[in-house]
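Novice: Sharing a model prediction with you, sequence too.
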Amino acid sequence: MKKKIQITADCTSDLSGELVKQYGIGTLPFSIITERGCFLDREEITANNVFEHISSGGTIRSEAPSVDECIRFFTDQLEEAQNIIHICMSSEISRSYRNCCEAMKIMGENAKNIRIFDSKHLSMGTGFIVLKACSLAECCSSPDKIITELTEYRSKIVTQFLIKDLENLRRNGRVGNVTYKLCSLFSIHPVFELRHGRMVAKKFYKGEYQNTELRFINSIIRKVHNSEEADPERVYLIHAGCLFREMDTMHKRFEKSGLFTNVCVAESSAAVSCNCGPHSVGVVYVKKQ
């Protein structure tokens, strides 16, 4: 018997293999393009592979699933499910949403039971939405009602990233040369926040990066403490190639704050990593309902 509602997502939702397996989530991989060929994110290449390639002088870029890849993915998923809700990385950042929508047009009548949802986030910002969708699918038989719930839910997610070096974002056209040169010259590390699906510079830190990481974490802890806006159930620390001791220090700082019951750590996908660059750190939590 087919599953009534199947939740699927871009691999850039950064959900762990354990969560993907636990909830039976179908994942649509991005491609990572290098001089050595094309590799499927998480299946054939990881964030660490990305940074090893960059450090050896290689070039690398990510590419959203093509329309044909989306068609094949959805066709396979429909073999196992009556309805599909696919959750994409923000359409302001990636072509994934547009390619999925184009795939549905080509599929015609075969796509009538597929819903494509723009998360307006990336990494675990999208991941939170995927997990919410899985929870709703267990108790709700209406895909349209789930989409309505997710539309409200995504506005409650806070996603911020501290970037050590803008080189990767500059190379991929995410920031301009002037911004890159100024930040490099004065050792400035920007914090980007997802707002309406776009990466917007929220603040800038100057100085040695290891101290900046703790200043970033402490600023979020202060904000959450003062505003009491966060759902205390869970916070995610996302990292791109950070050392264990760096993540351990930040993890312990969140635990010591007592603001969250669960402090979780996730590694960013290769696609996210080759844009944000090594040693980038993200924090994602949900505002109270």
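Specialist: On my side now, so go ahead.
Novice: Could you pull up the contacting residues of A81?
Specialist: 2-6 (CB atoms under 8 Å, 6 or more residues apart in numbering). For every residue, glycine as well, the C-beta is placed using N, CA and C.
Novice: 6 Å instead, please
Specialist: Residues near A81 by CB atoms under 6 Å, 6 or more residues apart in numbering: 2-3, 6.
Novice: cool, A111 as well?
Specialist: M104.
Novice: Return the backbone torsion pair for it.
Specialist: phi -100, psi 10 (degrees, to the nearest 10).
Novice: returning to what we had before: let's see which of the contacts of A81 end up in strands.
Specialist: 3, 6 (DSSP state E).
Novice: Most neighbours out of the contacts of A81, which is it?
Specialist: Q6 (23 neighbours; other CB atoms under 10 Å).
Novice: if we can go back for a sec, please render the contacts of A81 as TSV that adds distance to F117 to the earlier fields.
Specialist: TSV is the format used below for those (distance: CB to CB, whole Å):
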residue	distance to F117
K2	21
K3	18
Q6	13
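Novice: Just name the closest of the contacts of A81 to E18, please.
Specialist: Q6 (18.7 Å; CB to CB).
Novice: any weak-confidence spans in the stretch 101-250 of the chain?
Specialist: Applying pLDDT under 70 to the stretch 101-250 of the chain flags residues 172-174.
Novice: what about N110, how many neighbours?
Specialist: 13.
Novice: That should have said K181, apologies.
Specialist: K181: 12 neighbours (other CB under 10 Å).
Novice: Need the three-state assignment for it.
Specialist: helix (DSSP: H, G, I helix; E, B strand; the rest coil).
Novice: Distance-wise, check it relative to R171.
Specialist: Distance, K181 to R171, by CB to CB, to the nearest Å: 13 Å.
Novice: same question, Y205
Specialist: 22 Å.
Novice: Please apply the same query to T249.
Specialist: Remark: distance between T249 and R171 (CB to CB) = 29 Å.
Novice: Could you pull out the helices in this structure for me?
Specialist: 17-23, 47-55, 67-78, 96-107, 124-139, 143-154, 167-171, 177-185, 209-227, 244-257, 270-276 (DSSP state H).
Novice: would you turn the ones you listed into JSON lines with distance to D41?
Specialist: Compiled in JSON lines, the helices of the chain are given as follows (distance: least, CB to CB, whole Å):
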{"stretch": "helix 17-23", "distance to D41": "13"}
{"stretch": "helix 47-55", "distance to D41": "9"}
{"stretch": "helix 67-78", "distance to D41": "12"}
{"stretch": "helix 96-107", "distance to D41": "12"}
{"stretch": "helix 124-139", "distance to D41": "14"}
{"stretch": "helix 143-154", "distance to D41": "22"}
{"stretch": "helix 167-171", "distance to D41": "15"}
{"stretch": "helix 177-185", "distance to D41": "25"}
{"stretch": "helix 209-227", "distance to D41": "25"}
{"stretch": "helix 244-257", "distance to D41": "21"}
{"stretch": "helix 270-276", "distance to D41": "5"}
